[in-house]
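> missing the sequence, but the structure's below:
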């Protein structure tokens, strides 16, 4: 799969946010390596505000003299950019030119991960006259800053504003970027159904390298898809997706998730738990967007697999079903009891005989009653309409 790097600057650097997240998830050796990588980035790009933030928020090792040196480097660049703003405001420059100087300063603040000043400066730029496309770019950058700090509430507000502007006339590339960002937001807030639609669509048009890599989009699309799609769509949109098939060789770390999807579709339940646990440990827990949903994923995928198998039987023994999944009868018994009371699985367990009996809802009966109800509603509307027509006719006479 070929895709193009985005012309949008990678600010703030999302990889730093991911490494910061992993600091609390890995063992001491890996933590030391991650800390060294983060510190190297801080030194290279003079990320003084981020260095201070890490020290304050998570107790990151702090060198006062290094911070002072980085801050001085920042100040030189900031004063230069502020001078450009003053010069543009003092000359006969257009408001668009003044706005561009504010964006330059805001981008620098975003690059060094000074959230407060970046947001304030971008908002000043938004208050000045700008094209619709430029406003969309600013709001998407603000959303990236929110994602960096895991602030999904503010991310939603900025994406809602983008949606309004997109409907007024966003171009093809900005529409695709918005789709990508919104897909990540929906996934991060556990709306896997809507996220799957957007993320799967984004695979074919991906250019948003400023927010994640192509492998990560595939990762997110598979997780959202296997959680929410039925078997037919899972086959068509995930398993047979040319974009996902194309990353097999370049993304071997996604293999547990791909195997999980295949085992679910092919009803190879004896491997299902192995791939499910691998996916949970290797692809959800270490991911900043998915980690908080890892246990939910574990639970819902078990329920989905149980339900899929039970659809094929009117009754099945606990022992036989447990053997299908390569788990103990006691574990299966306890696990089913988590899903049956809340109607997530339509079955009952006959403990005396060790049998699971399915009691699938009568869909035909439900459809019949729904048809009667809708028919009654339609007749009522027609009667009201008929009475209104007669009345208006009488008035004309």
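Received the coordinates, thanks. This is a predicted model, so every value here is computed, not measured.
> Could you measure from residue 359 over to residue 164?
Distance, residue 359 to residue 164, by C-beta to C-beta, to the nearest Å: 47 Å. Every residue, glycine included, has its C-beta placed from N, CA and C.
> all helices of the stretch 51-200 of the chain, in order?
Under the criterion DSSP state H, counting those that start in this stretch, the stretch 51-200 of the chain carries helices at the ranges 64-90, 95-111, 115-127, 132-148, 152-169, 172-188, 192-203.
> Repeat that for the stretch 251-397 of the chain.
Going by DSSP H, counting those that start in this stretch, the stretch 251-397 of the chain shows helices at 255-265, 269-279, 294-310, 318-325, 329-339, 363-396.
> export these to JSON lines and tack on mean pLDDT?
Below are those laid out as JSON lines (pLDDT from 0 to 100):
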{"stretch": "helix 255-265", "mean pLDDT": "96"}
{"stretch": "helix 269-279", "mean pLDDT": "97"}
{"stretch": "helix 294-310", "mean pLDDT": "97"}
{"stretch": "helix 318-325", "mean pLDDT": "96"}
{"stretch": "helix 329-339", "mean pLDDT": "95"}
{"stretch": "helix 363-396", "mean pLDDT": "63"}
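> hmm, back to that, quick one: closest of the helices of the stretch 51-200 of the chain to residue 347.
Smallest distance to residue 347 across those (C-beta to C-beta): 23.9 Å, for helix 192-203.
> Buried residues of stretch 47-61, list them for me.
Using 16 or more other C-beta atoms under 10 Å as the test for burial, stretch 47-61 gives 47, 48, 49, 50, 51, 52, 53, 54, 60.
> before we move on, what about stretch 346-357?
Buried positions in stretch 346-357, judged by neighbour count with 16+ other C-beta under 10 Å: 347, 349, 355, 356.
> I'd like to know how many residues surround residue 200.
Counted with other C-beta atoms under 10 Å, residues neighbouring residue 200 total 25.
> Check residue 117 too.
Neighbour number of residue 117 under other C-beta under 10 Å is 16.
> Likewise for residue 74?
Residue 74, neighbours per other C-beta under 10 Å, totals 20.
> mind listing what it touches?
Counting by C-beta atoms under 8 Å, 6 or more residues apart in numbering, residue 74 touches 46, 48, 49, 112, 114.
> repeat for residue 216
Counting by C-beta under 8 Å, 6+ apart, residue 216 makes contact with nothing.
> change it to 10 Å
Residues counted as contacts of residue 216 (C-beta atoms under 10 Å, 6 or more residues apart in numbering) are 14, 18, 184, 251, 254, 287, 289.
> And residue 291, by the same measure?
21, 22, 24, 25, 284, 285.
> Mind checking which of the residues you listed land in strands?
Nothing among the contacts of residue 291 maps onto strands, per DSSP state E.
> Redo those as JSON lines? Include neighbour count, distance to residue 315 and pLDDT.
Shown next, in JSON lines, are these (neighbours: other C-beta atoms under 10 Å; distance: C-beta to C-beta, whole Å; pLDDT from 0 to 100):
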{"residue": "21", "neighbour count": "16", "distance to residue 315": "46", "pLDDT": "97"}
{"residue": "22", "neighbour count": "17", "distance to residue 315": "47", "pLDDT": "96"}
{"residue": "24", "neighbour count": "9", "distance to residue 315": "47", "pLDDT": "90"}
{"residue": "25", "neighbour count": "14", "distance to residue 315": "43", "pLDDT": "91"}
{"residue": "284", "neighbour count": "21", "distance to residue 315": "34", "pLDDT": "98"}
{"residue": "285", "neighbour count": "15", "distance to residue 315": "37", "pLDDT": "97"}
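> just those now: which is nearest residue 170?
In terms of C-beta to C-beta, no member of the contacts of residue 291 lies closer to residue 170 than residue 21, at 30.7 Å.
> out of everything not next to it in sequence, what's closest to that closest one?
Counting by C-beta to C-beta, 6 or more residues apart in numbering, the nearest residue to residue 21 once its immediate chain neighbours are dropped is residue 288, at 4.0 Å.
> Domain-wise, how is this protein divided?
1-160, 313-358 (automatic domain parsing).
> Flag the shaky bits of the stretch 51-200 of the chain, pLDDT-wise.
Counting by pLDDT under 70, the stretch 51-200 of the chain contains low-confidence ranges at 92-93.
> again, only using 80
Applying pLDDT under 80 to the stretch 51-200 of the chain flags the ranges 90-96, 169-170.
> Report the two of the contacts of residue 291 separated the most.
Once C-beta to C-beta is applied, the contacts of residue 291 give 24 and 284 as the farthest pair, at 15.3 Å.
> hang on, the earlier thing: return the most buried member of the helices of the stretch 251-397 of the chain.
helix 255-265 (a mean of 20; mean count of other C-beta atoms under 10 Å).
> neighbouring contacts of that one?
Residues outside helix 255-265 that contact it (C-beta under 10 Å, 6+ apart) are 218-219, 222-223, 225-226, 229, 231-232, 234-235, 238-239, 244-245, 247-248, 251-252, 268-284, 301, 304-305, 308.
> Next, format the helices of the stretch 51-200 of the chain as a markdown table and append distance to residue 332.
Output for these, formatted as a markdown table (distance: least, C-beta to C-beta, whole Å):
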| stretch | distance to residue 332 |
| --- | --- |
| helix 64-90 | 56 |
| helix 95-111 | 51 |
| helix 115-127 | 48 |
| helix 132-148 | 39 |
| helix 152-169 | 36 |
| helix 172-188 | 30 |
| helix 192-203 | 25 |
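> hang on, the earlier thing: make a markdown table out of the helices of the stretch 251-397 of the chain and add distance to residue 188.
What follows is these, written out as a markdown table (distance: least, C-beta to C-beta, whole Å):
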| stretch | distance to residue 188 |
| --- | --- |
| helix 255-265 | 17 |
| helix 269-279 | 18 |
| helix 294-310 | 13 |
| helix 318-325 | 30 |
| helix 329-339 | 25 |
| helix 363-396 | 34 |
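> Among the ones you listed, which comes closest to residue 179?
helix 255-265 (21.8 Å).
> between the closest one and helix 269-279, how big is the angle?
Helix 255-265 and helix 269-279 are oriented at 150 degrees to each other (axes from the mean of the first three to the mean of the last three C-alpha atoms, to 10 degrees).
> Many thanks, we can stop here.
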